[in-house]
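Trainee: got a predicted structure here, sequence first:
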Amino acid sequence: MITVDGLTKSFTARDGTSVRALSDVGLDVAENEFLTVLGPSGCGKTTLLRAIAGLVPWDEGDILVDGVPVRGPGPDRSMVFQNFALLPWATVLDNVAFGLRVRGVGRAERTERARALLTTVGLADCAAKLPGELSGGMQQRVGIARALAVRPRVLLMDEPFGAVDEQTRRLLQEELLSLWEEQRLTVVFITHSMEEAVLLGDRVALMSACPGRIAEIVPVGLPRPRARDVGGVARSGEYGELTGYLWERLRAMHAEHRPERAAS
Ligand SMILES: Nc1ncnc2c1ncn2[C@@H]1O[C@H](COP(=O)(O)OP(=O)(O)OP(=O)(O)O)[C@@H](O)[C@H]1O
């Protein structure tokens with residue numbers, strides 16, 4: 001469904017030097033797949049996701065969604081950000097309805113759709129609150145509801161649970177899996193966590209840094225559905241093997257860039 005082919009992207013740093021963020025990145029994401037993207041800090045994960053979203057231009061290569069080249073943002077793709085990126089002055093309901101308003105959906109319909117989504121994410125009672133009155137986990141539920149409001153086919157998630165505590169993270173993981181299992185969206189999910197990459201993903205795209213490339217695609221054979229018992233999945237032997245393998249690969253990548261630490 002999503003095809004990334006030969007994607008290369010450099011940034012010009014403030015001192016004028018060129019930083020190659022992505023080099024010849026190739027990736028295929030199947031319809032209804034949950035792909036997690038894992039890699040060391042600075043390897044270009046966010047840049048890749050923003051390129052798929054159509055939010056940043058790139059230098060070479062192609063990104064296609066259902067065979068159609070990405071030229072900018074579109075209603076088929078929604079982003080969920082780590083820092084929630086909610087409008088602080090707008091109510092929770094208006095935040096969820098925002099994308100619908102921009103697309104010209106009438107007030108009655110957008111209110112109905114936003115309320116239904118708030119019920120789905122367990123925040124029906126918070127519609128009139130402001131984002132600042134909610135906890136981090138609740139704010140991210142609003143971020144997810146807002147992204148789903150436009151009924152996208154692809155959900156692009158940039159470390160969405162990185163800013164919440166561990167217990168909330170676990171609850172949000174379960175909720176996201178339930179949503180995905182019901183709605184069969186295609187999800188590209190960036191994370192720093194090996195555990196999260198394995199718990200959620202059908203496959204893990206492991207990236208290496210300097211410049212960012214896809215180092216390996218690791219299939220996750222853990223049974224689904226996983227939403228009801230993420231903790232149980234995390235106790236399985238296969239989960240331990242996969243997270244262990246990913247850590248070995250990541251440790252080797254870190255050692256390549258910091259050889260003195262690897263030797264000690
Ligand atoms: N606007 C920018 N201007 C200059 N350099 C940038 C810009 N955005 C990203 N970079 C550089 O591109 C590289 C990739 O950045 P990116 O944010 O995509 O990595 P990341 O893997 O998402 O990092 P992290 O895991 O730390 O969030 C880094 O070297 C970063 O410094």
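Mentor: On my side now, so go ahead. Numbers count the residues shown, from 1 in each chain.
Trainee: quickly note the distance from the closest residue to R113 other than its chain neighbours to the ligand.
Mentor: Nearest residue to R113, sequence neighbours excluded (C-beta to C-beta, 6 or more residues apart in numbering): A149, at 5.9 Å. Quick note: C-beta positions are derived from backbone N, CA and C, even for glycine. Counting by C-beta to the nearest ligand atom, to the nearest Å, the separation of A149 from the ligand is 26 Å.
Trainee: contacting residues around A149?
Mentor: 96-100, 110, 113-114, 117 (C-beta atoms under 8 Å, 6 or more residues apart in numbering).
Trainee: excluding chain neighbours, what is closest to A13?
Mentor: V19 (5.4 Å).
Trainee: quick one: name whatever helix or strand follows the helix or strand containing the one you found.
Mentor: Assessed by DSSP states H and E, V19 sits inside strand 18-29. Once the chain leaves strand 18-29, the next helix or strand it forms, by DSSP H and E, is strand 34-38.
Trainee: need the residues that contact whichever helix or strand comes after that next one.
Mentor: For strand 34-38, the following helix or strand on the C-terminal side (DSSP H and E) is helix 45-53. For helix 45-53, contacts defined as C-beta under 8 Å, 6+ apart pick out 2, 4, 7, 9, 21-22, 25, 27, 37-39, 56, 58, 63, 70, 73, 77, 79, 154, 156-158, 188, 190, 207, 212.
Trainee: scan this protein for its longest helix.
Mentor: Of all segments of type helix in the chain, defined using DSSP state H, the longest is helix 237-257.
Trainee: how about the contacts made by the residue nearest the centre of the chain?
Mentor: Nearest to the mean C-alpha position of the chain, counting by C-alpha atoms, centre = their mean, stands M157 at 2.0 Å. M157 sits next to 49, 79-80, 187-190 when contact means C-beta under 8 Å, 6+ apart.
Trainee: the same query, at a cut-off of 6 Å, please.
Mentor: Shown in contact with M157 (C-beta atoms under 6 Å, 6 or more residues apart in numbering): 80, 189.
Trainee: ok but it is inside a strand, no?
Mentor: Yes: counting by DSSP: H, G, I helix; E, B strand; the rest coil, M157 falls inside a strand.
Trainee: how about the strands in the chain?
Mentor: Secondary structure of the chain (DSSP state E): strands at 2-12, 18-29, 34-38, 60-65, 68-69, 77-80, 154-158, 186-191, 203-208, 213-219.
Trainee: around the ligand, pick out the residues from the stretch 1-150 of the chain.
Mentor: Neighbours of the ligand within the stretch 1-150 of the chain, by C-beta under 6 Å from any ligand atom: 11, 13, 19, 21, 39, 41-47.
Trainee: let's see that with 8 Å instead.
Mentor: 11-14, 19, 21-22, 39-50 (C-beta under 8 Å from any ligand atom).
Trainee: select only the buried ones of these in PyMOL?
Mentor: Entered in PyMOL, the line below selects the buried ones among those, by 16 or more other C-beta atoms under 10 Å:
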select buried, resi 21+22+39+40+43+44+45+46+47+48+49+50
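Trainee: hang on, the earlier thing: buried ones from the contacts of helix 45-53, can you make that a PyMOL selection?
Mentor: To isolate the buried ones among the contacts of helix 45-53 in PyMOL, judged by 16+ other C-beta under 10 Å, type:
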select buried, resi 2+4+7+9+21+22+25+27+37+38+39+58+63+70+77+79+154+156+157+158+188+190+207+212
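Trainee: tell me how this structure divides into domains.
Mentor: According to automatic domain parsing, the chain is divided into the following domains: 2-76+153-263, 85-151.
Trainee: now tabulate these in a markdown table and tack on mean pLDDT.
Mentor: Listed next are these as a markdown table, based on pLDDT from 0 to 100:
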| stretch | mean pLDDT |
| --- | --- |
| domain 2-76+153-263 | 92 |
| domain 85-151 | 94 |
